[in-house]
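Chemist: How does the following fold in three dimensions:
(one chain, ligands or ions: 2)
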Amino acid sequence: MSKQRAFSGVQPSGNPHLGNYIGAIRNWVEGQDQYENYFCVVDLHAITLPQDPATLASNTYTLAALYLAAGLDLNHSTIFIQSHVSAHSELTWLLNCITPVNWLEDMIQYKEKAVRQGENVNTGLLDYPVLMASDILLYQADKVPVGEDQKQHIELTRDIAARFNHYYGNGETILKQPEAIIRKEGARVMSLTDGTKKMSKSDPSDLSRINVLDPPEVIQNKIKRCKTDPIRGLEFDNPERPECNNLLTLYLLMSGKTKAEIAAECQDMGWGQFKPLLAEALVEGLGPIQQKYQEIMDDRAYLESVLREGRMKAEAIANQTLTQVKTALGY
Ligand code: ADP
Ligand code: NA
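Modeler: Ligands and ions are numbered 1, 2, ... in the order given. Predicted structure coming up:
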(Lines give C-alpha, C1' and ligand atoms only; values in the text may rest on other atoms or scores of the structure.)
(Ligands and ions follow the chains in the order given, each with its own letter.)
Protein backbone atom coordinates (compact mmCIF):
# COMPACT_ATOMS: atom_id res chain seq x y z
CA MET A 1 0.00 0.00 0.00
CA SER A 2 1.36 3.44 -0.81
CA LYS A 3 1.98 5.89 2.00
CA GLN A 4 -0.44 8.64 2.95
CA ARG A 5 0.58 12.14 1.96
CA ALA A 6 1.40 14.97 4.35
CA PHE A 7 1.63 18.65 3.47
CA SER A 8 2.58 21.66 5.57
CA GLY A 9 4.36 25.02 5.44
CA VAL A 10 5.67 28.04 7.32
CA GLN A 11 5.58 31.66 6.14
CA PRO A 12 8.92 33.39 5.51
CA SER A 13 7.52 36.56 7.04
CA GLY A 14 10.12 37.03 9.76
CA ASN A 15 12.29 35.06 12.11
CA PRO A 16 11.25 31.42 12.51
CA HIS A 17 10.67 30.87 16.23
CA LEU A 18 10.18 28.13 18.77
CA GLY A 19 6.43 28.00 18.07
CA ASN A 20 7.09 27.23 14.41
CA TYR A 21 9.70 24.65 15.38
CA ILE A 22 7.84 22.89 18.18
CA GLY A 23 4.32 23.34 16.80
CA ALA A 24 5.21 22.39 13.23
CA ILE A 25 8.69 21.66 11.85
CA ARG A 26 9.83 19.28 14.57
CA ASN A 27 6.64 17.23 14.17
CA TRP A 28 7.20 17.05 10.42
CA VAL A 29 10.63 15.61 11.07
CA GLU A 30 9.38 13.10 13.64
CA GLY A 31 6.58 11.82 11.43
CA GLN A 32 8.33 12.01 8.10
CA ASP A 33 9.04 8.33 7.46
CA GLN A 34 5.34 7.48 7.92
CA TYR A 35 4.25 9.70 5.04
CA GLU A 36 5.11 10.94 1.57
CA ASN A 37 5.73 14.57 2.53
CA TYR A 38 5.51 17.94 0.83
CA PHE A 39 6.92 20.81 2.89
CA CYS A 40 6.61 24.24 1.42
CA VAL A 41 7.98 27.68 2.28
CA VAL A 42 4.73 29.58 1.81
CA ASP A 43 6.07 32.86 0.48
CA LEU A 44 2.82 33.85 -1.24
CA HIS A 45 1.17 33.91 2.17
CA ALA A 46 3.82 36.28 3.49
CA ILE A 47 2.72 39.18 1.28
CA THR A 48 -0.75 39.35 2.84
CA LEU A 49 1.05 41.78 5.16
CA PRO A 50 3.58 44.31 3.80
CA GLN A 51 7.05 42.80 3.14
CA ASP A 52 10.34 44.28 2.03
CA PRO A 53 11.23 42.37 -1.20
CA ALA A 54 14.92 41.77 -0.41
CA THR A 55 14.10 40.63 3.11
CA LEU A 56 11.36 38.33 1.83
CA ALA A 57 13.81 36.72 -0.61
CA SER A 58 16.41 36.18 2.06
CA ASN A 59 13.88 34.89 4.64
CA THR A 60 12.61 32.41 2.05
CA TYR A 61 16.04 30.82 1.65
CA THR A 62 16.72 30.94 5.38
CA LEU A 63 13.55 29.02 6.08
CA ALA A 64 14.23 26.40 3.40
CA ALA A 65 17.70 25.89 4.89
CA LEU A 66 16.13 25.56 8.32
CA TYR A 67 13.76 22.84 7.09
CA LEU A 68 16.83 20.84 6.08
CA ALA A 69 18.79 21.74 9.21
CA ALA A 70 15.93 20.60 11.44
CA GLY A 71 16.25 17.14 9.94
CA LEU A 72 13.93 16.83 6.96
CA ASP A 73 15.25 13.99 4.84
CA LEU A 74 14.92 14.25 1.09
CA ASN A 75 14.25 10.51 0.89
CA HIS A 76 10.92 11.14 2.59
CA SER A 77 10.24 14.81 2.05
CA THR A 78 9.99 17.19 -0.88
CA ILE A 79 11.01 20.75 0.06
CA PHE A 80 9.99 23.60 -2.20
CA ILE A 81 9.01 27.26 -2.45
CA GLN A 82 5.31 28.02 -2.96
CA SER A 83 5.80 30.80 -5.52
CA HIS A 84 7.85 28.43 -7.71
CA VAL A 85 4.74 26.35 -8.39
CA SER A 86 2.18 28.52 -10.15
CA ALA A 87 -0.64 26.01 -9.61
CA HIS A 88 -1.01 27.38 -6.06
CA SER A 89 -2.13 30.76 -7.34
CA GLU A 90 -4.21 29.32 -10.13
CA LEU A 91 -6.17 26.89 -7.95
CA THR A 92 -6.78 29.72 -5.48
CA TRP A 93 -8.69 31.64 -8.13
CA LEU A 94 -10.76 28.63 -9.11
CA LEU A 95 -11.62 27.85 -5.48
CA ASN A 96 -12.33 31.52 -4.72
CA CYS A 97 -15.26 31.22 -7.06
CA ILE A 98 -16.95 28.54 -4.92
CA THR A 99 -16.01 29.92 -1.49
CA PRO A 100 -18.61 32.11 0.24
CA VAL A 101 -17.14 35.37 1.52
CA ASN A 102 -18.78 34.88 4.90
CA TRP A 103 -16.81 31.65 5.45
CA LEU A 104 -13.65 33.76 5.22
CA GLU A 105 -15.01 36.60 7.33
CA ASP A 106 -15.59 34.06 10.11
CA MET A 107 -11.92 33.07 10.36
CA ILE A 108 -10.50 33.99 13.78
CA GLN A 109 -7.03 34.75 12.43
CA TYR A 110 -8.50 37.08 9.81
CA LYS A 111 -10.51 38.92 12.42
CA GLU A 112 -7.42 39.36 14.62
CA LYS A 113 -5.17 40.51 11.81
CA ALA A 114 -7.83 42.72 10.26
CA VAL A 115 -8.36 44.49 13.56
CA ARG A 116 -4.61 45.08 13.86
CA GLN A 117 -4.44 46.38 10.27
CA GLY A 118 -7.29 48.83 10.77
CA GLU A 119 -8.66 50.19 7.52
CA ASN A 120 -5.87 48.91 5.29
CA VAL A 121 -7.16 45.37 4.99
CA ASN A 122 -6.27 43.97 1.59
CA THR A 123 -8.18 41.23 -0.22
CA GLY A 124 -5.23 38.84 0.22
CA LEU A 125 -5.59 38.89 4.00
CA LEU A 126 -9.20 37.78 3.67
CA ASP A 127 -8.39 35.25 0.95
CA TYR A 128 -5.40 33.72 2.75
CA PRO A 129 -7.32 30.58 3.83
CA VAL A 130 -8.30 29.80 0.22
CA LEU A 131 -4.63 29.96 -0.78
CA MET A 132 -3.89 27.66 2.15
CA ALA A 133 -6.66 25.29 1.08
CA SER A 134 -5.18 25.25 -2.41
CA ASP A 135 -1.72 24.47 -1.03
CA ILE A 136 -3.06 21.40 0.73
CA LEU A 137 -5.61 20.21 -1.83
CA LEU A 138 -3.17 20.36 -4.76
CA TYR A 139 -1.19 17.52 -3.15
CA GLN A 140 -4.31 15.51 -2.22
CA ALA A 141 -2.83 15.52 1.28
CA ASP A 142 -4.23 13.12 3.88
CA LYS A 143 -2.55 14.83 6.84
CA VAL A 144 -1.57 18.39 7.69
CA PRO A 145 0.74 18.67 10.71
CA VAL A 146 0.24 22.16 12.21
CA GLY A 147 -0.05 24.13 15.44
CA GLU A 148 -3.40 24.74 17.11
CA ASP A 149 -3.88 28.15 15.45
CA GLN A 150 -4.39 26.48 12.06
CA LYS A 151 -7.18 24.15 13.11
CA GLN A 152 -9.95 26.36 11.79
CA HIS A 153 -8.18 26.82 8.44
CA ILE A 154 -7.93 23.04 7.98
CA GLU A 155 -11.65 22.69 8.69
CA LEU A 156 -12.31 25.35 6.08
CA THR A 157 -10.08 23.43 3.64
CA ARG A 158 -12.26 20.35 4.17
CA ASP A 159 -15.40 22.40 3.59
CA ILE A 160 -14.02 23.90 0.38
CA ALA A 161 -13.02 20.45 -0.93
CA ALA A 162 -16.45 19.03 -0.09
CA ARG A 163 -18.19 21.94 -1.76
CA PHE A 164 -16.10 21.64 -4.92
CA ASN A 165 -16.70 17.90 -5.10
CA HIS A 166 -20.41 18.42 -4.55
CA TYR A 167 -20.80 21.03 -7.30
CA TYR A 168 -18.35 19.74 -9.87
CA GLY A 169 -17.31 16.19 -8.92
CA ASN A 170 -20.12 14.42 -10.73
CA GLY A 171 -20.10 11.82 -7.95
CA GLU A 172 -16.28 11.62 -7.83
CA THR A 173 -13.88 12.92 -5.18
CA ILE A 174 -11.73 15.36 -7.11
CA LEU A 175 -10.24 17.01 -4.02
CA LYS A 176 -9.38 14.89 -0.99
CA GLN A 177 -10.43 16.19 2.43
CA PRO A 178 -7.35 16.40 4.67
CA GLU A 179 -7.06 15.96 8.42
CA ALA A 180 -5.04 18.16 10.76
CA ILE A 181 -2.42 16.55 12.99
CA ILE A 182 -2.08 18.70 16.11
CA ARG A 183 0.11 17.41 18.92
CA LYS A 184 -1.06 17.95 22.48
CA GLU A 185 2.16 19.39 23.93
CA GLY A 186 3.53 22.47 22.21
CA ALA A 187 0.53 23.00 19.92
CA ARG A 188 0.36 26.55 21.21
CA VAL A 189 3.68 27.99 22.39
CA MET A 190 2.99 31.26 24.17
CA SER A 191 4.77 34.62 24.06
CA LEU A 192 7.57 35.10 26.61
CA THR A 193 6.32 38.56 27.50
CA ASP A 194 2.58 37.82 27.68
CA GLY A 195 1.47 34.29 28.55
CA THR A 196 -1.99 34.89 27.10
CA LYS A 197 -0.74 35.49 23.52
CA LYS A 198 0.81 32.95 21.18
CA MET A 199 4.44 33.31 20.21
CA SER A 200 4.44 34.81 16.71
CA LYS A 201 6.68 36.30 14.04
CA SER A 202 4.37 39.27 13.84
CA ASP A 203 4.81 40.31 17.49
CA PRO A 204 6.75 43.60 17.32
CA SER A 205 8.87 42.67 20.35
CA ASP A 206 11.74 40.26 19.69
CA LEU A 207 11.84 39.57 23.43
CA SER A 208 8.48 37.83 23.07
CA ARG A 209 9.99 34.88 21.20
CA ILE A 210 13.00 32.61 21.00
CA ASN A 211 14.07 32.44 17.37
CA VAL A 212 15.42 29.10 16.19
CA LEU A 213 18.61 30.87 15.12
CA ASP A 214 19.13 32.98 18.28
CA PRO A 215 22.71 32.60 19.62
CA PRO A 216 23.14 31.25 23.18
CA GLU A 217 23.63 34.64 24.85
CA VAL A 218 20.44 35.98 23.26
CA ILE A 219 18.48 32.93 24.41
CA GLN A 220 19.87 33.31 27.93
CA ASN A 221 19.00 37.00 28.01
CA LYS A 222 15.44 36.45 26.72
CA ILE A 223 14.80 33.73 29.29
CA LYS A 224 16.28 35.88 32.04
CA ARG A 225 13.90 38.69 31.11
CA CYS A 226 10.78 36.66 30.32
CA LYS A 227 7.58 37.23 32.25
CA THR A 228 6.95 35.05 35.32
CA ASP A 229 4.82 35.31 38.45
CA PRO A 230 5.55 35.75 42.15
CA ILE A 231 4.03 32.41 43.25
CA ARG A 232 6.38 29.93 44.96
CA GLY A 233 7.01 26.57 43.34
CA LEU A 234 6.47 25.63 39.68
CA GLU A 235 3.56 23.66 38.23
CA PHE A 236 1.97 22.57 34.96
CA ASP A 237 -1.63 23.24 33.93
CA ASN A 238 -2.63 25.92 36.42
CA PRO A 239 -4.85 28.25 34.33
CA GLU A 240 -3.99 31.14 36.65
CA ARG A 241 -0.32 30.69 35.74
CA PRO A 242 -0.08 30.64 31.92
CA GLU A 243 3.58 31.78 31.90
CA CYS A 244 4.55 29.03 34.31
CA ASN A 245 2.83 26.36 32.25
CA ASN A 246 4.38 27.67 29.04
CA LEU A 247 7.93 27.74 30.40
CA LEU A 248 7.65 24.28 31.94
CA THR A 249 6.21 22.97 28.67
CA LEU A 250 9.13 24.43 26.75
CA TYR A 251 11.47 22.72 29.18
CA LEU A 252 9.54 19.48 28.71
CA LEU A 253 9.77 19.64 24.95
CA MET A 254 13.40 20.69 24.75
CA SER A 255 14.86 18.50 27.53
CA GLY A 256 13.20 15.24 26.51
CA LYS A 257 12.26 14.60 30.16
CA THR A 258 8.76 13.44 31.09
CA LYS A 259 6.11 15.62 32.65
CA ALA A 260 6.31 13.64 35.90
CA GLU A 261 10.09 14.02 36.04
CA ILE A 262 9.84 17.75 35.53
CA ALA A 263 7.00 18.18 38.00
CA ALA A 264 9.17 16.43 40.62
CA GLU A 265 12.34 18.30 39.66
CA CYS A 266 10.75 21.77 39.61
CA GLN A 267 7.95 21.77 42.19
CA ASP A 268 10.07 23.47 44.87
CA MET A 269 12.13 25.67 42.56
CA GLY A 270 12.11 29.43 42.27
CA TRP A 271 12.45 31.17 38.92
CA GLY A 272 16.08 32.03 39.61
CA GLN A 273 16.86 28.34 39.74
CA PHE A 274 14.64 27.25 36.87
CA LYS A 275 15.48 29.87 34.26
CA PRO A 276 19.12 28.84 33.72
CA LEU A 277 17.99 25.21 33.36
CA LEU A 278 15.47 26.16 30.69
CA ALA A 279 17.97 28.39 28.88
CA GLU A 280 20.46 25.54 28.87
CA ALA A 281 17.92 23.07 27.45
CA LEU A 282 17.06 25.56 24.69
CA VAL A 283 20.69 26.27 23.83
CA GLU A 284 21.47 22.55 23.72
CA GLY A 285 18.38 21.64 21.74
CA LEU A 286 18.81 24.36 19.13
CA GLY A 287 22.62 24.20 18.86
CA PRO A 288 22.86 21.26 16.44
CA ILE A 289 20.18 22.77 14.18
CA GLN A 290 22.04 26.09 14.10
CA GLN A 291 25.29 24.37 13.20
CA LYS A 292 23.68 22.35 10.42
CA TYR A 293 21.96 25.53 9.21
CA GLN A 294 25.32 27.29 8.88
CA GLU A 295 26.72 24.42 6.82
CA ILE A 296 23.75 24.53 4.47
CA MET A 297 23.89 28.32 4.11
CA ASP A 298 27.58 28.02 3.22
CA ASP A 299 26.65 25.78 0.30
CA ARG A 300 24.12 27.83 -1.58
CA ALA A 301 24.46 25.68 -4.71
CA TYR A 302 23.31 22.64 -2.76
CA LEU A 303 20.29 24.46 -1.34
CA GLU A 304 19.34 25.70 -4.79
CA SER A 305 19.58 22.21 -6.24
CA VAL A 306 17.31 20.88 -3.45
CA LEU A 307 14.75 23.57 -4.25
CA ARG A 308 14.94 22.96 -8.00
CA GLU A 309 14.30 19.28 -7.54
CA GLY A 310 11.57 20.03 -4.99
CA ARG A 311 9.87 22.31 -7.45
CA MET A 312 9.88 19.63 -10.15
CA LYS A 313 8.42 16.96 -7.88
CA ALA A 314 5.83 19.32 -6.45
CA GLU A 315 4.81 20.62 -9.87
CA ALA A 316 4.23 17.13 -11.21
CA ILE A 317 1.62 16.39 -8.52
CA ALA A 318 0.15 19.89 -8.31
CA ASN A 319 -0.40 20.19 -12.05
CA GLN A 320 -2.19 16.86 -12.13
CA THR A 321 -4.72 18.07 -9.55
CA LEU A 322 -5.05 21.44 -11.26
CA THR A 323 -5.86 19.73 -14.56
CA GLN A 324 -8.53 17.60 -12.89
CA VAL A 325 -10.11 20.69 -11.34
CA LYS A 326 -10.03 22.62 -14.61
CA THR A 327 -11.49 19.72 -16.53
CA ALA A 328 -14.30 19.43 -13.97
CA LEU A 329 -15.02 23.14 -14.43
CA GLY A 330 -15.19 22.77 -18.21
CA TYR A 331 -11.81 24.28 -19.15
P1 ADP B 1 3.52 32.74 12.50
O2 ADP B 1 2.23 32.90 13.26
O3 ADP B 1 4.70 32.75 13.40
O4 ADP B 1 3.65 33.66 11.32
P5 ADP B 1 2.96 30.69 10.51
O6 ADP B 1 1.63 31.27 10.21
O7 ADP B 1 4.02 30.77 9.48
O8 ADP B 1 3.50 31.26 11.92
O9 ADP B 1 2.73 29.17 10.94
C10 ADP B 1 3.60 28.11 10.59
C11 ADP B 1 3.32 26.91 11.45
O12 ADP B 1 3.78 27.18 12.78
C13 ADP B 1 1.85 26.54 11.57
O14 ADP B 1 1.73 25.14 11.58
C15 ADP B 1 1.45 27.13 12.88
O16 ADP B 1 0.36 26.45 13.46
C17 ADP B 1 2.71 26.93 13.69
N18 ADP B 1 2.81 27.91 14.77
C19 ADP B 1 2.94 29.26 14.64
N20 ADP B 1 3.00 29.85 15.83
C21 ADP B 1 2.90 28.85 16.77
C22 ADP B 1 2.90 28.81 18.20
N23 ADP B 1 3.03 29.92 18.90
N24 ADP B 1 2.80 27.61 18.81
C25 ADP B 1 2.68 26.46 18.09
N26 ADP B 1 2.67 26.43 16.74
C27 ADP B 1 2.78 27.61 16.09
NA1 NA C 1 0.16 31.94 11.96
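Chemist: Tell me the residues on this structure that lie near ligand 1, please.
Modeler: The interface of the chain toward ligand 1, taken as CB under 6 Å from any ligand atom, is made up of 10-11, 13, 19-20, 23-24, 146-147, 149-150, 187-189, 198-202. Every residue, glycine included, has its C-beta placed from N, CA and C.
Chemist: Put the buried members of these into a ChimeraX selection.
Modeler: The following ChimeraX selection, which keeps only the buried ones among the residues of the chain next to ligand 1, applies the criterion 16 or more other CB atoms under 10 Å:
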select :10,11,13,19,20,23,24,146,147,149,150,187,188,189,198,199,200,201
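Chemist: and the residues of the chain next to ligand 1, which of them are in helices?
Modeler: Using DSSP state H, the members of the residues of the chain next to ligand 1 that fall within helices are Gly19, Asn20.
Chemist: Now do Ala279 against ligand 1, distance only.
Modeler: Relative to ligand 1, Ala279 is positioned 19 Å away (criterion: CB to the nearest ligand atom, to the nearest Å).
Chemist: Verify the stated contact: that residue with Val218.
Modeler: No - using CB atoms under 8 Å, Ala279 is not in contact with Val218, being 10.2 Å away.
Chemist: neighbour-wise, which of those two wins?
Modeler: Summary of the neighbour comparison: Ala279 and Val218, criterion other CB atoms under 10 Å, with Ala279 having more neighbours (21 against 15).
Chemist: May I see the buried residues of the helix or strand that contains the more buried one?
Modeler: When elements are assigned from DSSP states H and E, Ala279 belongs to helix 271-297. Neighbour counts using 16+ other CB under 10 Å place 271, 274-275, 277-283, 285-286, 289-290, 292-293, 296 of helix 271-297 among the buried residues.
Chemist: Do a quick rundown of the helices in the stretch 101-250 of the chain.
Modeler: Counting by DSSP state H, counting those that start in this stretch, the stretch 101-250 of the chain has helices at residues 101-105, 108-117, 123-138, 151-168, 216-225, 242-255.
Chemist: out of those, deepest packed?
Modeler: helix 123-138 (a mean of 22; mean count of other CB atoms under 10 Å).
Chemist: between that one and helix 151-168, how big is the angle?
Modeler: On the basis of axes from the mean of the first three to the mean of the last three CA atoms, to 10 degrees, helix 123-138 is oriented at 70 degrees to helix 151-168.
Chemist: on contacts alone, who are the packing partners of helix 123-138?
Modeler: Using 3 or more CB pairs under 8 Å, 6 or more residues apart in numbering; DSSP states H and E as the contact test, the elements touching helix 123-138 are strand 5-10, helix 43-46, helix 87-96, helix 101-105, helix 108-117, helix 151-168, helix 300-329.
Chemist: lowest-confidence stretch among these?
Modeler: Here these differ in mean pLDDT, and the lowest is helix 108-117 at a mean of 87.
Chemist: now the worst-scoring helix or strand of the chain on mean pLDDT against helix 123-138, angle please.
Modeler: Least confident helix or strand of the chain, by mean pLDDT, DSSP states H and E, is helix 108-117 with a mean of 87. An angle of 160 degrees separates the directions of helix 108-117 and helix 123-138 when computed by the same axes, to 10 degrees.
Chemist: what residues does helix 108-117 touch?
Modeler: The contact list for helix 108-117 (CB atoms under 8 Å, 6 or more residues apart in numbering) reads Thr48, Leu49, Leu104, Glu105, Val121, Leu125, Leu126, Tyr128, Pro129, Asp149, Gln152, His153.
Chemist: JSON lines for those residues, including distance to Phe80?
Modeler: Rendered in JSON lines, the data for those read as follows (distance: CB to CB, whole Å):
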{"residue": "Thr48", "distance to Phe80": "20"}
{"residue": "Leu49", "distance to Phe80": "22"}
{"residue": "Leu104", "distance to Phe80": "26"}
{"residue": "Glu105", "distance to Phe80": "31"}
{"residue": "Val121", "distance to Phe80": "29"}
{"residue": "Leu125", "distance to Phe80": "24"}
{"residue": "Leu126", "distance to Phe80": "26"}
{"residue": "Tyr128", "distance to Phe80": "19"}
{"residue": "Pro129", "distance to Phe80": "21"}
{"residue": "Asp149", "distance to Phe80": "23"}
{"residue": "Gln152", "distance to Phe80": "25"}
{"residue": "His153", "distance to Phe80": "20"}
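Chemist: so which of these comes closest to ligand 1?
Modeler: Within the contacts of helix 108-117, proximity to ligand 1 (CB to the nearest ligand atom) peaks at Asp149, which comes in at 4.7 Å.
Chemist: The closest one reaches Ser202, doesn't it?
Modeler: No - in this structure, Asp149 is not within contact of Ser202 by CB under 8 Å, at 11.7 Å.
Chemist: Give me the pLDDT value at the closest residue to ligand 1 within the stretch 51-200 of the chain.
Modeler: The shortest separation between the stretch 51-200 of the chain and ligand 1 is 2.4 Å, found at Gly147 (distances taken as CB to the nearest ligand atom). Per-residue confidence at Gly147 stands at 93 (pLDDT).
Chemist: ok, now which ones touch it?
Modeler: Listed by CB under 8 Å, 6+ apart, the contact partners of Gly147 are Gly19, Asn20, Gly23, Ala24, Ile182, Gly186, Ala187, Arg188, Val189.
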